[in-house]
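> sequence first, then the predicted structure:
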Amino acid sequence: MIVLVAGADGRLGRVLVPLLVASGHVVRALVRTGEHVGALEAQGATPLVADLRGDVEWAVDGCDAAIFAAGARRRTDFGAIDGGGAAKLAEAAHRFELRRFVLCSAIGAGEPERRRAPLRDFLAAKQFAERRLQQLNVPWTILRFGGLTRAPGTGRITTTVDGRRPPTISRDDAAAVLVETLSRPNLAHRLVEAIEGDRRIADALAAVEPAPLPPVRNSGLGAAQATNPPPDPTMLFPDAAPLDTDVDYQGDGPLAPEVIDNDDPSPRVP
Ligand SMILES: NC(=O)c1ccc[n+]([C@@H]2O[C@H](COP(=O)([O-])OP(=O)(O)OC[C@H]3O[C@@H](n4cnc5c(N)ncnc54)[C@H](OP(=O)(O)O)[C@@H]3O)[C@@H](O)[C@H]2O)c1
């Protein structure tokens, strides 16, 4: 897949980009400044310099998938980057008909009002992006990560956040979850929480229930048949003679031989 990564030179992005390349993907690395362009090229990615607050939709054109792993550095930018920037990229993914858009969100984005600022503002921006994405028809996956840590990855997660484990996950494992998500059809249109756990990442993600199928609409032939009026009783002839199945019906029989005028139209011409 050709995969756009927004936030490619962030702390998660720096783990994610080489992992995507190693998994056989072609990576377009969206970065705000040209500072890490050389390092990204050395990793095998194609850097694209663009600011998520500005014109950035073009970066999605030609991609198969996009991953939003960017994040505001300042509290005042949460709305513009984590909220508006993610929504803008998601809308572009919808317009360019990508096969997957993956949003890095955070546990707690469902109820930001339960937290205090600045976490509340961060979660509110994530919630905005989630809601916008859920309205779009692009096959999306929302990954609500626990707090991202620098710990080495364990390769094991859980998608059940029940308070029995600390709601954290290493960036190594978060990156592996992102890569795995791209190839999992059952994660389209799904919101999944991910923290450190004891199931292999592939197994934990495979166990996520796929989205329910959309309701069957009565359309096409079915609809036409359903609206067919019942037979008109005045058009039925109960006393019509039954067909004799032993007789081959031949209609009016073969055509009578026709005499064709065969006179020479130019008798004097040799
Ligand atoms: N940190 C956590 O505990 C946590 C928890 C749950 C979810 N998440 C989400 O996981 C993702 C990765 O988190 P992280 O902590 O690894 O991120 P990070 O290190 O803070 O990196 C964020 C990246 O976003 C880029 N960015 C910021 N503003 C930008 C703009 N206007 N245009 C383009 N790029 C811009 C930054 O580039 P510059 O360096 O050039 O500004 C940086 O590369 C984020 O979406 C984050 O919200 C994080």
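All right, it came through fine.
> ramachandran angles for the residue of the stretch 1-150 of the chain found nearest the ligand?
The ligand sits closest to G10 of the stretch 1-150 of the chain, with a gap of 2.2 Å, by Cβ to the nearest ligand atom. Every residue, glycine included, has its C-beta placed from N, CA and C. Per-residue torsions, G10: phi -80, psi -180 (degrees, to the nearest 10).
> isn't it right next to A72, touching?
No - contact criterion Cβ atoms under 8 Å: G10 and A72 do not qualify, at 10.7 Å.
> checking the residue nearest to D77 when sequence neighbours are not counted next. Helix, strand or coil?
Of all residues not flanking D77 in the chain, R53 sits nearest, at 7.9 Å (Cβ to Cβ, 6 or more residues apart in numbering). What DSSP: H, G, I helix; E, B strand; the rest coil gives for R53 is coil.
> next, count neighbours for R53.
Counted with other Cβ atoms under 10 Å, residues neighbouring R53 total 14.
> which residues does it contact?
77, 80-81, 84-85 (Cβ atoms under 8 Å, 6 or more residues apart in numbering).
> export those residues as JSON lines, with columns for secondary structure, pLDDT and distance to the ligand.
Formatted as JSON lines, the contacts of R53 follow (DSSP: H, G, I helix; E, B strand; the rest coil; pLDDT from 0 to 100; distance: Cβ to the nearest ligand atom, whole Å):
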{"residue": "D77", "secondary structure": "helix", "pLDDT": "96", "distance to the ligand": "7"}
{"residue": "A80", "secondary structure": "helix", "pLDDT": "97", "distance to the ligand": "7"}
{"residue": "I81", "secondary structure": "helix", "pLDDT": "98", "distance to the ligand": "5"}
{"residue": "G84", "secondary structure": "helix", "pLDDT": "97", "distance to the ligand": "10"}
{"residue": "G85", "secondary structure": "helix", "pLDDT": "98", "distance to the ligand": "6"}
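> what's the most distant pair in those residues?
D77 and G84 (9.7 Å; Cβ to Cβ).
> straight-line length of stretch 141-160, end to end?
16 Å (Cα to Cα, to the nearest Å).
> hmm, it touching the ligand?
Yes - counting by Cβ under 6 Å from any ligand atom, the ligand has neighbours in stretch 141-160: 145, 147-148.
> filter those down to the buried ones and hand me the ChimeraX line.
Typed into ChimeraX, the line below selects the buried ones among the residues of stretch 141-160 next to the ligand, using 16 or more other Cβ atoms under 10 Å:
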select :145,148
